[in-house]
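Colleague: When you get a sec, could you give me coordinates for this:
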Amino acid sequence: MPIDSPYRALLDALPQRERMVDIDGVATAVFEYGPVDAPPIVFVHGFRGDHHGLEPVAAHLPGLRVIIPDLPGFGASDALPHATVDAYAAWLRAFVAAEAAAAGRAPGVLGHSFGSIVVAHAAAGGLEASRIVLVNPIATPALSGANRIASLLALGYYRAAAALPERTGLAVLGAPPIVRGMSAFMAKTRDRRLRAWIHDQHDRYFSRYASRRSVLEAFDTSIRHTVGEVADRIRLPVQLIAADLDDITPLAQQHRLRGLLPDARLSVLRGVGHLVHYEQPREAAAIIRRFLAEPIGQPDEPAARHDEQGQ
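Modeller: As a prediction, this is how the structure comes out:
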């Protein structure tokens, strides 16, 4: 039986809409939260997730229009012909351009985890956004960072799933013990009810992808690319939201990433890991709202370089 979200009342208080749009030939499922005429911000979820994962953050942003597409190949969206980082970035630029044209203004754009890679590469290529938020950004290559052993194990798992017959490979990818293990690895909360809900979310939505090929290509993209490799080409204001217990990217590397970006600020949340969007959505939303309210500096003003400690 599904476990009810601890943020359900806040989410249900928001106007909600669903639609399908065609983005360069890719049928894309879009979910909106908040008034249709409110300032827009586009959320881009992480690997193997869908729009549900970022709903807790949207629930804490009343007064904004939060737009969450399912990434191509995940949730209810069709897959890309080839899920490369350039293809994801081109899709996002086209999606955001369409939203900007409809709203009459460039939206903010947020990316979580793998979504941070997609957003960063889109921004490096001219994303039509007002500013960028990266939550738990991927700052270091998966196979050479501090978590190299876990990344190698994941690589072996996905390669095994690729080598098996289609039906068996899909069964391995969605195996409940594997999904639960991934969830337990990332969750840091000591709240038993919240932890149970997080596991339920992963059980329900972590295996909603278009095909085995689409998830395997997305995984390959996720381990080959980072935000850091294009950081110096991102000219938009950037807010980084990092976590002190993140096992995917160590905090020291988030500080390094902040230094690579021309106009960046870093906020660090305490007592949380890679699941900021589940465990501390209220705190993340407060940072996002404050950042969106900042006046946009002139091109000749000095770039922002401040760090902030969170909860």
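Colleague: can you list the weak-confidence ranges in the stretch 1-150 of the chain?
Modeller: Residues of the stretch 1-150 of the chain that meet the criterion pLDDT under 70 lie in 142-149.
Colleague: So which residues of it form strands?
Modeller: Taking DSSP state E, counting those that start in this stretch as the criterion, the stretch 1-150 of the chain contains strands spanning 16-23, 26-33, 40-44, 65-69, 108-112, 132-135.
Colleague: In this structure I138 contacts G115, no?
Modeller: No - with contacts counted by CB atoms under 8 Å, I138 stays clear of G115, the gap being 9.3 Å. Backbone N, C-alpha and C define where each C-beta goes, glycine included.
Colleague: quick one: low-confidence parts of the stretch 151-300 of the chain?
Modeller: Along the stretch 151-300 of the chain, the model assigns pLDDT under 70 to residues 297-300.
Colleague: and the longest helix along the chain, which residues are buried?
Modeller: Across the chain, the helix with the greatest residue count (assigned by DSSP state H) is helix 85-103. Of the residues in helix 85-103, 85, 87-100, 103 count as buried by neighbour count, 16 or more other CB atoms under 10 Å.
Colleague: now what about that helix, what contacts it?
Modeller: Contacting residues not belonging to helix 85-103 are listed as 21, 23-24, 26, 28, 40, 42, 44, 65, 67, 69, 71-72, 80-81, 106-107, 109, 117-119, 121-122, 124-129, 221, 224-225 [CB atoms under 8 Å, 6 or more residues apart in numbering].
Colleague: quick one: A160 and S5, what's the gap?
Modeller: Using CB to CB, to the nearest Å, one obtains 33 Å as the distance from A160 to S5.
Colleague: More neighbours: the two, which one.
Modeller: Neighbour tally, A160 and S5, criterion other CB atoms under 10 Å: the higher count belongs to S5, 19 against 13.
Colleague: Against A106, how distant is that one?
Modeller: Using CB to CB, one obtains 31 Å as the distance from S5 to A106.
Colleague: again, but for E217
Modeller: Applying CB to CB, one obtains 29 Å for the distance of E217 from A106.
Colleague: who has more neighbours, the two?
Modeller: A count of neighbours by other CB under 10 Å puts E217 above the other of E217 and A106, at 21 against 18.
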